[in-house]
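Trainee: Just the structure for this:
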Amino acid sequence: MRADATRNLERVLSTGARMLADDPSASIAAIAAAAGVDRRTVYRRFASREDLMAAVYGARYDAVEEAVEAARLREAPVAVALHRYVEGIIAVNRKWPVETSRMLREETLRERRRRLVEEVDAFLRRATGEGLLRDDLPPGWVATVLPPLMEHAAGNLPELSAAQAADVVVDTLLRGVGAPQSR
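Mentor: Sure, this is the predicted structure:
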């Protein structure tokens with residue numbers, strides 16, 4: 001694909017993600033206009049709005065997979081890997097703010113998600129085994145509370161960089177929100 005075509009596709013997909021997050025009924029024409037490309041350009045690439053949405057979801061999962069890989073969940077020290085993972089996912093949530101539950105209708109995306117969940121779950125078990133996370137919590141508890149923390153940080157802390165928002169999330173996860181106890 002030519003460099004300008006690649007840039008146009010990236011703009012269409014990222015614009016589509018933002019617009020579909022705000023208005024799930026956004027039209028291809030509106031997305032094309034906001035992305036600064038002719039709607040015919042979009043229709044040449046995507047036969048339908050559903051095809052465009054599937055491409056947006058695919059691009060989001062590409063970004064999530066890249067963030068998980070960059071975090072080096074299996075090799076990096078657990079505290080470093082946790083922060084990298086959280087920072088990466090916050091950045092993905094900001095760039096690709098689409099409704100993720102709708103993505104799960106696609107079989108290929110469900111399989112990709114399953115693999116990612118398994119990888120993160122294995123990391124969380126490693127983090128527990130190495131003492132970063134408590135081992136007395138109900139099974140799956142950290143995996144349940146971490147995604148909403150990252151999602152809220154991405155959307156509700158826009159003044160912070162992804163790294164700074166990750167600091168907040170990791171600190172909240174590791175230390176909670178209670179006031180320190182005096183001894």
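
Trainee: would you list every one of the helices in the chain?
Mentor: Using DSSP state H, the helices of the chain run over residues 3-22, 28-35, 39-45, 49-71, 78-95, 100-103, 107-129, 141-156, 162-175.

Trainee: which one of those lies closest to Q181?
Mentor: Among those, the nearest to Q181 by CB to CB is helix 162-175 (11.5 Å). Every residue, glycine included, has its C-beta placed from N, CA and C.

Trainee: could you give me the average pLDDT of the closest one?
Mentor: Helix 162-175 comes out with an average pLDDT of 97.

Trainee: try stretch 20-37
Mentor: 88.

Trainee: now stretch 68-77
Mentor: Stretch 68-77 carries an average pLDDT of 97.

Trainee: Determine the number of other residues adjacent to the closest residue to P97 other than its chain neighbours.
Mentor: Sequence neighbours aside, A21 is the residue nearest to P97 in space, at 4.0 Å (criterion: CB to CB, 6 or more residues apart in numbering). Using other CB atoms under 10 Å, A21 has 15 other residues around it.

Trainee: A21: what's it in contact with?
Mentor: With contact taken as CB atoms under 8 Å, 6 or more residues apart in numbering, A21 is in contact with P97, V98, E99.

Trainee: Can you name the residues that contact A70?
Mentor: Contacts of A70 by CB under 8 Å, 6+ apart are R84, G88.

Trainee: cool, and T172?
Mentor: By CB under 8 Å, 6+ apart, the contact set of T172 is L149.

Trainee: what about L82, distance to A59?
Mentor: Note on L82: its distance to A59, by CB to CB, to the nearest Å, is 25 Å.

Trainee: err, I89, not the other one
Mentor: I89 is 15 Å from A59, by CB to CB.

Trainee: Show me which of those two is the more surrounded one.
Mentor: Using other CB under 10 Å as the criterion, I89 and A59 rank with I89 on top: 26 against 21.

Trainee: How about that one: what's its closest non-neighbour residue?
Mentor: M150 (4.8 Å).

Trainee: which secondary element of the protein has the worst mean pLDDT?
Mentor: Least confident helix or strand of the chain, by mean pLDDT, DSSP states H and E, is helix 100-103 with a mean of 68.

Trainee: what's near enough to touch E99?
Mentor: Going by CB under 8 Å, 6+ apart, E99 touches L20, A21, P24.

Trainee: Number of residues surrounding the first one?
Mentor: L20 is surrounded by 22 other residues when neighbours are defined as other CB under 10 Å.

Trainee: Quick check: it touching T100?
Mentor: No: L20 lies out of contact with T100 (CB atoms under 8 Å); the separation is 11.6 Å.

Trainee: shared neighbours, the two?
Mentor: Common contact partners of L20 and T100 (CB under 8 Å, 6+ apart): none.
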